[in-house]
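[1] Quick one: sequence plus predicted model below, questions after.
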Amino acid sequence: MSVTDFTPDEMMTITAARALKNTDVCFVGIGAPSAACNIARLTHAPDVTLIYESGTIGTAPTVLPLSIGDGELCDTAVTTVSVPEMFRYWLQGGRVTVGFLGAAQIDRFGNINTTVIGDYDRPKTRLPGGGGAPEIASSCGEIFITLKQSKRAMVDKIDFFTSFGHGNGGDHRQRLGITTKGPTLMVTDLAVWKPDPETREFTVVSLHPGVTREMVQAECGWTVRFATKVIQTSRPTSTELSTLRDLKARTKAAHSGTKNGEAS
Amino acid sequence: MSVTDFTPDEMMTITAARALKNTDVCFVGIGAPSAACNIARLTHAPDVTLIYESGTIGTAPTVLPLSIGDGELCDTAVTTVSVPEMFRYWLQGGRVTVGFLGAAQIDRFGNINTTVIGDYDRPKTRLPGGGGAPEIASSCGEIFITLKQSKRAMVDKIDFFTSFGHGNGGDHRQRLGITTKGPTLMVTDLAVWKPDPETREFTVVSLHPGVTREMVQAECGWTVRFATKVIQTSRPTSTELSTLRDLKARTKAAHSGTKNGEAS
Amino acid sequence: MAQFMTLPQAVAENLNAGDTAAFEGFTHLIPHASAHEVIRQGTKDLALVRMTPDLIYDQLIGMGAVRKLIFSYAGNPGVGLLRRLRDSVENGWPNRIEIEEHSHAAMANAYEAGAAGLPFAMFRGYLGAELAQVNPNIRSVTCPFTGEKLAAVPAIRPDVTFIHAQKADRKGNVLIEGIVGVQKEAVLAAKRSVVTVEEIVDDLWTHPNACVLPGWAVTAICLVPGGAHPSYAHGYYPRDNASYIAWDKIAADRDTFLAWMKDNVLDSTPEDFAERITHLRAAA
Amino acid sequence: MAQFMTLPQAVAENLNAGDTAAFEGFTHLIPHASAHEVIRQGTKDLALVRMTPDLIYDQLIGMGAVRKLIFSYAGNPGVGLLRRLRDSVENGWPNRIEIEEHSHAAMANAYEAGAAGLPFAMFRGYLGAELAQVNPNIRSVTCPFTGEKLAAVPAIRPDVTFIHAQKADRKGNVLIEGIVGVQKEAVLAAKRSVVTVEEIVDDLWTHPNACVLPGWAVTAICLVPGGAHPSYAHGYYPRDNASYIAWDKIAADRDTFLAWMKDNVLDSTPEDFAERITHLRAAA
């Protein structure tokens, strides 16, 4: 692959990374958010503060962690606090500007389900659960979401409200007494979405290079709304691409570096 | 002074020290309690755990601290925690077996005033206030009190209930939902007092050598009750006395070791 | 006052059938050796508490030791779902466990409240979150000054907490460093505690404000080098990521799982953990 | 993000007349230099918060800068009472300050709640204590699980908190070590914060779990060596006990007090603190 070609996944990570500012304090979810946040740090936002719920504040890993508590997150952090302190002083204290979440299931209002597929008491699939998400969703200044599009993930009606986005839309957050902005951005492998200022429904504002409206609709379980003016997402720069690929290569080397133990 | 002579103050400190067990976890008030607790540690109870409200746990100072937060308390501690943690996890958590308090004003039920002399809103004398005492008095397994007797200190009615002892006596603590024992021992420069099992009024159970009942009454503002059987407090041993005098000498040398600064 | 003893003795003395038990460690210092010893001793009917149930709880559940699970995120970190947990919840194999589910914030606050001797924890949480509708242990209190309604959950007070730590000194003072998670709170919240350590030293020689549990606040200490494998012990050995990835396949099938448990747990001892980290120490 | 600046500039930019201000430090690291700068700038009508008001609050009160005091223990540690505070409360000189009095447990919990963004703190306290009858800010909440009644106090949320710390790195990350008191909570609870430090270094080189305030959580950092004198800075200089003892006489008389304040505060600068600790450094 030449440095001017890129995968939809790379486009997604790099676009998500661009949304973070150098002054942001970001609560990082694992998976896609972690890659995006670290690319931001390694490119345009060297001073962005990355926080993982394991208690590491201001961390700067050289490889992506497999878990949210890998040793390198602590080794490179400004400080590492206990988990109760993390949730009390740092998240609930209102010090986090951006919470960056992934999603197993999401609806058009940015409500997320990572709890169950099917009925809560007799689930078809028991998912991991909310972890930090319910309070990340309400305590962070705003929420960025990143996920790979599919009809299974982007659904008309989620099975369980693990974390609250804009609820039924409009001023639903305010009516529940939530003072933070909630989801303000969703970056998928196909497009960039922002909530409509009135209805709060996620609306496509930018299509990634080579992506059509039909392609976005084909991988989304609700009828997609497009902004009046839909632009094209800027292509990854060669710096962005090489930074991401180097990070992924370092990560792969590091995580396969241990032999399979005899027991776990 | 020969090693067989001793002052009433020495008798008080040594008698108070004897009450602590090697397995006790003791929350140490400043002044007389601090001397007694450290004498216990330096004589019969080398493993007693001393906690000061500044956050030092398991401290073993070589000189008595002038304040509850002297640097040596931290230098010699097993660990030093924040003040919120001290009051939440260690005191309120129910881990302290003995709280050792002094008193500006005390009544026969071990209720203590260190807040005001006179009316609260227009006090004759504004005292320092309760500090840790209100919750030490309710959260520690039991409370030991040590003070020099005087009619000014031991009064019929205290001006302010800074910390609760046995209230009006009897089961007053239980009626307030307090589950700890409260004051179980008072050591003065003249006698050892314990609460009557029924009324909870402090009752003299032991007179220090050379002290008469009249001498105890002369320095007490209420009519003193004596136990059916009043014994004589054992004289300080030469080890106890030399340990105490060495500690005081080291302390004096250490605290006068800095010149008076030009400003404070 | 902490007693030094073997892990089998510590488990036998401190864990009873029917107990509420917490095994804590937030990705780091997960007490694998203790969980395996519990499985070997066959203690049943446990109510298990843990913010992040992962491999050890998948194993305990799959072996039928568990009656109830109190948790906030049940996954194989960085890999996927817990297949033995799913089999229990979705299919009732080997038994259907009862679930009490919270958010991380709730669990962290509930441990904190337990350590602080409080009956409940209060925090700003669960706003719009559906867990509040399916878990009757999520209630509320009203601020007597502002009128704000805040979430309330019961304090966590385990009968016994198991943790793994870097070291203890000979008086039983325990040092935990790096990602410290909720271990201090989980120990202080519990009636009894069992701490496995990488080594026992003359002096902890650490920072005055490091995370230290005084010996008198701990029940039992057991020397089990490698006892956190395949999680890691900061300063001793790194995380064995390959084992986490491998677990996904092992746990996918009941028979594969049972065979693996026999070989690696039932027929093993706490001493076997030391060997499992030799290649990791070398790599670190 | 922390800005490095002089102490006069930090005080001028961050403290306004009428503000609620906390100067914290539990015996250790008391921000004397900051308090003196506030007195020199003549900022008035302050509501001061501090668990243990000692010399600096006696000085601020005696100079008429204070409208209200929120506290839990007002004494000269190891020496006696605060004579300027007494003169204000008992005789109204130079003005009668308003008093909001708590216990240490209440104040510590209230700072903790402030740092945690909560409107109030909840704890088991004030049982049988008369303060609950004279302070309308002591209320209660009922546990929604056990029915136990617990004490409640409003969170402390100062407009500005002043602390002194050992060091900062060039990104403004601040290290506090030894007896850490409530300083972290007091800074995180406040809208703005001013931190004086003994030195500014390239790297804090400390323990991963040390008490560190990230630079982005602090407003202003000022290099003021000796700025805690006559309290102490662990690792730098010991407590100047003689100065505490001397204060008792200085504060006993209004004229002696005013003369001392002119010589040692009004006619001095933050730079003078470095000299005041030279003899202590030598003794350490």
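    Perfect, I can see it now.
[2] which stretches of the stretch 151-284 of chain C have low pLDDT?
    C:283-284 (pLDDT under 70).
[3] if we go to 80?
    Along the stretch 151-284 of chain C, segments meeting pLDDT under 80 span C:282-284.
[4] Strands of the stretch 151-264 of chain A, residue ranges please.
    Taking DSSP state E, counting those that start in this stretch as the criterion, the stretch 151-264 of chain A contains strands spanning A:183-188, A:191-195, A:202-207, A:225-232.
[5] right, quick check: the shortest one against chain C, any contact?
    No. Taking C-beta under 8 Å from any C-beta of the partner chain as the criterion, strand A:191-195 and chain C are apart, separated by no less than 15.4 Å. Placement of C-beta: from N, CA and C, glycine included.
[6] Just tell me which of the strands of the stretch 151-264 of chain A ends up closest to residue B:112.
    Relative to residue B:112, the nearest member of those by C-beta to C-beta is strand A:183-188, separated by 55.7 Å.
[7] Residues contacting the closest one, please?
    A:12, A:15-16, A:19, A:36, A:106, A:109-110, A:142-149, A:165-166, A:192-195, A:202, A:216, A:219 (C-beta atoms under 8 Å, 6 or more residues apart in numbering or on different chains).
[8] quick one, it and strand A:191-195 angle?
    Interaxial angle, strand A:183-188 versus strand A:191-195 (axes from the mean of the first three to the mean of the last three C-alpha atoms, to 10 degrees): 160 degrees.
[9] chain center to strand A:183-188, what's the gap?
    The chain centroid and the centroid of strand A:183-188 are separated by 8 Å under C-alpha atoms, centre = their mean, to the nearest Å.
[10] got the angle between it and strand A:202-207?
    Computed by the same axes, to 10 degrees, the angle between strand A:183-188 and strand A:202-207 is 50 degrees.
[11] Can you give the strand pairings for strand A:183-188, parallel or anti for each?
    Within its sheet, and counting by DSSP bridges, strand A:183-188 is paired with strand A:142-147 (parallel), strand A:191-195 (antiparallel).
[12] quick check: mean pLDDT across it?
    Over the span of strand A:183-188, the pLDDT mean works out to 98.
[13] what does stretch C:46-64 give?
    When pLDDT is averaged along stretch C:46-64, the result is 97.
[14] which residue packs closest to whichever residue of the stretch 1-150 of chain C sits closest to chain A, ignoring adjacent ones?
    Each residue of the stretch 1-150 of chain C has a distance to chain A, by C-beta to the nearest C-beta, and the smallest belongs to residue C:27, at 2.4 Å. Taking C-beta to C-beta, 6 or more residues apart in numbering or on different chains as the measure, residue C:27 lies nearest to residue A:69, with 2.4 Å between them; neighbours along the chain are not counted.
[15] what does residue C:181 give?
    Using C-beta to C-beta, 6+ apart and skipping residues adjacent in sequence, the residue nearest residue C:181 is residue C:26, 3.0 Å away.
[16] number of nearby residues for that neighbour?
    If you count neighbours by other C-beta atoms under 10 Å in any protein chain shown, residue C:26 ends up with 27.
[17] Please apply the same query to residue A:58.
    Taking other C-beta under 10 Å as the criterion, the count of residues near residue A:58 is 21.
[18] If I follow the layout properly, it ends up in contact with residue A:49?
    Yes. A contact is recorded between residue A:58 and residue A:49 when judged using C-beta atoms under 8 Å, the distance being 5.1 Å.
[19] Residues that sit against both of the two, list them.
    Taking C-beta under 8 Å, 6+ apart as the contact criterion, the residues that touch both residue A:58 and residue A:49 are residue D:214.
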